[in-house]
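Student: this one's sequence-less:
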Ligand code: PAF
């Protein structure tokens, strides 16, 4: 597996792959790789001639300096896992390499209304930071397909809008959430949970799962309230937001018959660790992102 640190070397590598006609699958990550990431990587390796993974903790998508500093960094182990999975190249630049002109480039991306709710509301600037790094990486790596986990449900919608507004042609492959055996969605942030927090964190998914049953004979508002009340009653847990939304527009719904694709998206603080998850209340037979 090739480890690439510079823009120049990444460009050279990409040109070589293009010359031999290899289509590239790309998995963007911030490292601290867990089984959730590895399932994306394995799928990319299966579906593409060449797989490139980026490992870069993107400073400009953190709206909280402490969260950025505390974000786990495990580069050596990450590289071992990626090599064992059959990845062809890992791109792991420094922030100085990727953003040489930091501060000068204030381009605002057109991300649409899906970017202004939920994470967009609670983490101002977050999606602009995600958009900027992905715009750079997509142009540099020029993948045919890019793989994203559905845990970051909103991020996938934002990335689709980024591609449209920037005229980039990349097929987005959305992969199901990977969970621990007790239901907790796998996240690099889980390593920061204390034993007590880790013991209660699965309640997030268990509550969401229960709420799907509850929703069958309760209103949207009652379903919302039962989730928030249940989780807020657990010591050390605080719901930042829980929104039941149309999965295409990410705008809140009032009635269950407003859409055939409805998702509940949640962010919960477990102590000072911010965890996100989501669950489907309605799913169309075939998900069509062109809708
Ligand atoms: O989902 C993530 O890990 C990040 O937001 C991404 C897509 C790698 C961009 O930094």
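Tutor: Thanks, I have the structure now. These numbers come from a predicted model, not from an experiment. Numbering: from 1, shown residues only.
Student: residues in the stretch 1-150 of the chain within reach of the ligand, list them.
Tutor: Residues of the stretch 1-150 of the chain lying close to the ligand (Cβ under 6 Å from any ligand atom) are 28-30, 58, 61, 130, 133-134. All C-beta atoms are positioned from the backbone trio N, CA, C, and that covers glycine.
Student: Using TSV, lay out those together with neighbour count.
Tutor: Compiled in TSV, those are given as follows (neighbours: other Cβ atoms under 10 Å):
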residue	neighbour count
28	23
29	23
30	19
58	21
61	20
130	24
133	20
134	26
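Student: Nearest to residue 81 among those residues?
Tutor: Closest approach to residue 81 among these (Cβ to Cβ): residue 29, at 10.8 Å.
Student: Which residues does the worst-scoring helix or strand of the chain on mean pLDDT contact?
Tutor: Of all helical and strand segments in the chain, the minimum by mean pLDDT, DSSP states H and E falls on helix 65-70, at a mean of 92. Around helix 65-70, the neighbours that count as contacts under Cβ atoms under 8 Å, 6 or more residues apart in numbering are 57, 59, 62, 192, 274.
Student: where along the stretch 51-200 of the chain do the strands fall?
Tutor: For the stretch 51-200 of the chain, applying DSSP state E, counting those that start in this stretch gives strands covering 89-91, 145-149, 171-175.
Student: Columns mean pLDDT on top of those strands, output as TSV?
Tutor: Output for the strands of the stretch 51-200 of the chain, formatted as TSV (pLDDT from 0 to 100):
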stretch	mean pLDDT
strand 89-91	98
strand 145-149	98
strand 171-175	98
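Student: To residue 71, which of the ones you listed lies closest?
Tutor: strand 145-149 (16.5 Å).
Student: Run me through the strand neighbours of the closest one, direction for each.
Tutor: Using DSSP bridges, the strands paired with strand 145-149 are strand 24-29 (parallel), strand 171-175 (parallel).
Student: Helix or strand: which one has residue 279?
Tutor: strand 273-282 (DSSP states H and E).
Student: near the ligand at all, that strand?
Tutor: No - judged by Cβ under 6 Å from any ligand atom, strand 273-282 stays clear of the ligand, getting no closer than 10.5 Å.
Student: Could you name the helices and strands sitting against that strand?
Tutor: Applying 3 or more Cβ pairs under 8 Å, 6 or more residues apart in numbering; DSSP states H and E, one finds that strand 273-282 makes contact with helix 203-215, strand 262-270.
Student: tell me the most buried of the strands paired with strand 145-149?
Tutor: Among the strands paired with strand 145-149, strand 24-29 has the highest mean neighbour count (mean count of other Cβ atoms under 10 Å), at a mean of 25.
Student: Could you identify the helix or strand that succeeds that one?
Tutor: Downstream of strand 24-29, the next assigned helix or strand under DSSP H and E is helix 35-47.
Student: where's that next one relative to the chain centroid, distance-wise?
Tutor: What separates the centre of helix 35-47 from the centre of its chain is 14 Å, taken as Cα atoms, centre = their mean, to the nearest Å.
Student: rewinding a little: now flag whichever of the contacts of helix 65-70 is closest to the ligand.
Tutor: Of all the contacts of helix 65-70, the ligand sits closest to residue 57, with 7.9 Å by Cβ to the nearest ligand atom.
Student: tally of neighbours for the closest one?
Tutor: Applying other Cβ atoms under 10 Å, we find 19 residues neighbouring residue 57.
Student: returning to what we had before: the strand holding residue 279: how far from the chain's middle?
Tutor: For strand 273-282, the distance to the chain centre is 12 Å (Cα atoms, centre = their mean).
Student: relative to helix 203-215, how tilted is that strand?
Tutor: Per axes from the mean of the first three to the mean of the last three Cα atoms, to 10 degrees, the angle that strand 273-282 makes with helix 203-215 is 20 degrees.
Student: ok, what's across the strand from residue 24?
Tutor: According to DSSP bridges, the residues that bridge with residue 24 are residue 50.
Student: For the lengthiest helix in the chain, buried residues please.
Tutor: In the chain, with assignment by DSSP state H, the single longest helix is helix 126-141. Within helix 126-141, the residues that qualify as buried by neighbour count (16 or more other Cβ atoms under 10 Å) are 126-138, 140-141.
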